[in-house]
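Undergrad: Pasting the sequence and the predicted coordinates here, then a few questions.
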Amino acid sequence: MAPYESDDAPAAARDEDAPSGRRKAARYAVPVAVVGVAAATIGLVPALADSGDPDLPRISAQQLVEKIAKSDVQQLSGTVRVSTDLGLPDLGGLGGGFASGATRGSGDGSSADPRAKLTELATGTHTLRVAEDGPDRQKLSLLEQGAEYSLIHDGKDVWGYDSKSNQVYHSTDAGTGRHHQAEPPSTPKDLADKALKSVDDTTSVTVDGTERVAGRDAYKLLIKPRQSGTTVGAISIAVDAKTGLPLKFTLTPRSGGAAVVNAGFTQVSFAKPAASTFDFTPPKGAKVTEGDKESGAREHGPKADHGFGKGREGATVLGKGWTSVVTFDTGAKGGLPTGSASGAAGGFLDSLGDKVSGKFGKGTVFSTRLVNALITDDGKVYAGAVTKDALVKAADAGK
């Protein structure tokens, strides 16, 4: 179907009573504030289906955003395929060293720790099996060649299991209902929540027709930045026509080409998963790492202000909307180690970076197809989904 064009007319959000009490599991809630903010910028002309697409009732962009916000899916199971293409080079053996270092941390980490394992979703194509039964029971399994990684939340217990290394990670969740909020988003719903939080007057939101996803009828919500200087071209979200649950998320860069992120259900069911789905007992002989103990060990380890990590908690945001840039001071004067003096890692960083200069001084820009980062020679970092020129302007303005 040809893209639906918005009339961009402002519209007041309609005040409708939100469900009371339990409301929604945090995993399924888009902040109601999004509806009010989006209403000022989204188009109101309903979508019409072309032949071959599902013939669904007319709906406006505002109504579709509200439908996502009110979605209260508590139970589901299915398969999700996630593809990420940031345009990073093949790291080869060097990449293996980086990855293992990130996993081990200070040397006592676990390969089953979700904070390390789920970062694998940042590159390549992966297949996930997901299951949900309310706010206290979720399971996500990352299928690998000849192995599987599972993350299970059952009541107060959170388990991570890496079958390849036969390692287990365990921690407790004090009834927050969503232990993994700090983890990388992995499902279309996770990604859609992130995108909708970015909707403001710098954004155009329209309906772009209909499609079938995982055998279900869906509307397509199209989000486009109005600002120049961002690397984001468009975000398309396929929304289940019946439940309002995002079924597919696609982010394409302004530079064109393949999607940077494409995550969608290939199969989904809204039936209640079997209770045994969330059962887990560490296999015999598995190494079990307790998360609470690990956290305590980290507290007695090197402090964040020693070396490159300094100041990240004090990060500030420059600019507005899609051209926002996050900046913080690493405390590492001289920038990142590069050149022959720093060995293979330095040479690798040299091959990725572009030297730049401005009122801020000198530095290096490291680029992907979506997120770019400028690291100055005096140890400051500027990063965002913006172009190299936008980073330099932000660094100049922040000087």
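TA: Yep, that arrived. Numbers count the residues shown, from 1 in each chain.

Undergrad: Give the buried residues for stretch 80-87.
TA: Of the residues in stretch 80-87, 80, 82, 83, 84, 85 count as buried by neighbour count, 16 or more other Cβ atoms under 10 Å. (Glycine included, C-beta is placed from N, CA and C.)

Undergrad: what mean pLDDT does that stretch have?
TA: The average pLDDT within stretch 80-87 is 92.

Undergrad: quick one, what contacts residue 323?
TA: Contacts for residue 323 (Cβ atoms under 8 Å, 6 or more residues apart in numbering) come out as 202, 227, 229, 230, 384, 386, 390.

Undergrad: quick one on the thing from earlier: now, which of the buried residues of stretch 80-87 sits nearest residue 244?
TA: residue 80 (17.6 Å; Cβ to Cβ).

Undergrad: Grab the nearest non-local neighbour of that closest one.
TA: Once flanking residues are discounted, residue 80 sits nearest to residue 128: 4.4 Å by Cβ to Cβ, 6 or more residues apart in numbering.

Undergrad: which is the next helix or strand following the helix or strand hosting the one you found?
TA: Counting by DSSP states H and E, the element that carries residue 128 is strand 124-133. Next helix or strand after strand 124-133 toward the C-terminus (DSSP H and E): strand 137-144.

Undergrad: Let's see which of the buried residues of stretch 80-87 end up in strands.
TA: Taking DSSP state E, the ones among the buried residues of stretch 80-87 that sit in strands are 80, 82, 83, 84.

Undergrad: where does this structure have low pLDDT?
TA: 1-52, 89-108, 173-186, 292-313, 333-352, 399 (pLDDT under 70).

Undergrad: What segments of it are helices?
TA: For the chain, the helices defined by DSSP state H cover 33-38, 61-70, 92-104, 114-117, 188-196, 291-299, 343-352, 388-397.

Undergrad: Output the contacting helices and strands for the second one.
TA: It refers to helix 61-70. Applying 3 or more Cβ pairs under 8 Å, 6 or more residues apart in numbering; DSSP states H and E, one finds that helix 61-70 makes contact with helix 33-38, helix 188-196, strand 203-213, strand 216-225, strand 232-240.

Undergrad: Can you show me the CA trace of the third one as CSV?
TA: C-alpha atoms of strand 203-213 as CSV (Å, rounded to 0.1, in the frame of the first residue of the first chain):
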residue,chain,number,x,y,z
THR,A,203,8.0,13.5,15.0
SER,A,204,5.5,12.6,12.3
VAL,A,205,3.3,9.6,13.2
THR,A,206,0.9,8.2,10.5
VAL,A,207,-0.9,5.0,9.6
ASP,A,208,0.7,3.2,6.6
GLY,A,209,-1.8,0.6,5.7
THR,A,210,-2.2,-3.0,6.9
GLU,A,211,-0.3,-6.3,6.7
ARG,A,212,-0.3,-9.9,8.0
VAL,A,213,2.3,-10.8,10.6
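
Undergrad: same for it, what does it pack against?
TA: Contacts defined by 3+ Cβ pairs under 8 Å, 6+ apart place strand 203-213 against helix 61-70, strand 216-225, strand 232-240.

Undergrad: want to throw these into TSV with distance to residue 119 and mean neighbour count?
TA: Formatted as TSV, those follow (distance: least, Cβ to Cβ, whole Å; neighbours: other Cβ atoms under 10 Å):
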stretch	distance to residue 119	mean neighbour count
helix 61-70	27	22
strand 216-225	25	22
strand 232-240	21	23
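
Undergrad: Which of the ones you listed sits closest to residue 194?
TA: Nearest of the helices and strands packed on strand 203-213 (Cβ to Cβ): strand 232-240, 9.6 Å.

Undergrad: who's in contact with the closest one?
TA: So strand 232-240 is in contact with 64, 67-68, 188, 192, 195, 208, 211, 213, 216-225, 245-256, 264, 322, 370, 385, going by Cβ under 8 Å, 6+ apart.

Undergrad: Identify the bridge partners of the residue nearest to residue 80.
TA: residue 80, residue 142 (DSSP bridges).

Undergrad: Keeping just the C-alphas, turn the strand holding residue 128 into PDB.
TA: This file holds the C-alpha atoms of strand 124-133, laid out as PDB (Å, rounded to 0.1, in the frame of the first residue of the first chain):
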ATOM      1  CA  GLY A 124      23.500 -10.500  13.400                       C
ATOM      2  CA  THR A 125      20.200 -12.500  13.200                       C
ATOM      3  CA  HIS A 126      18.800 -14.400  16.100                       C
ATOM      4  CA  THR A 127      15.800 -16.600  16.900                       C
ATOM      5  CA  LEU A 128      14.000 -16.200  20.200                       C
ATOM      6  CA  ARG A 129      11.300 -18.200  21.900                       C
ATOM      7  CA  VAL A 130       9.200 -16.100  24.300                       C
ATOM      8  CA  ALA A 131       6.500 -16.900  26.800                       C
ATOM      9  CA  GLU A 132       4.500 -14.700  29.200                       C
ATOM     10  CA  ASP A 133       2.000 -15.300  31.900                       C
END
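
Undergrad: Give the other helices and strands that it contacts.
TA: In terms of contacts (3+ Cβ pairs under 8 Å, 6+ apart), strand 124-133 is packed against strand 75-84, strand 137-144.

Undergrad: of all the ones you listed, which lies closest to residue 317?
TA: Once the helices and strands packed on strand 124-133 are compared by Cβ to Cβ, strand 75-84 is nearest, at 24.2 Å.

Undergrad: Packing partners of the closest one?
TA: strand 124-133, strand 261-269.

Undergrad: now for these, which one comes closest to residue 277?
TA: Between residue 277 and the helices and strands packed on strand 75-84, the tightest spacing by Cβ to Cβ is seen for strand 124-133, at 5.0 Å.

Undergrad: give the contact list for residue 112.
TA: By Cβ under 8 Å, 6+ apart, the neighbours of residue 112 are 149, 160, 161, 162, 165, 167, 168, 169, 289.
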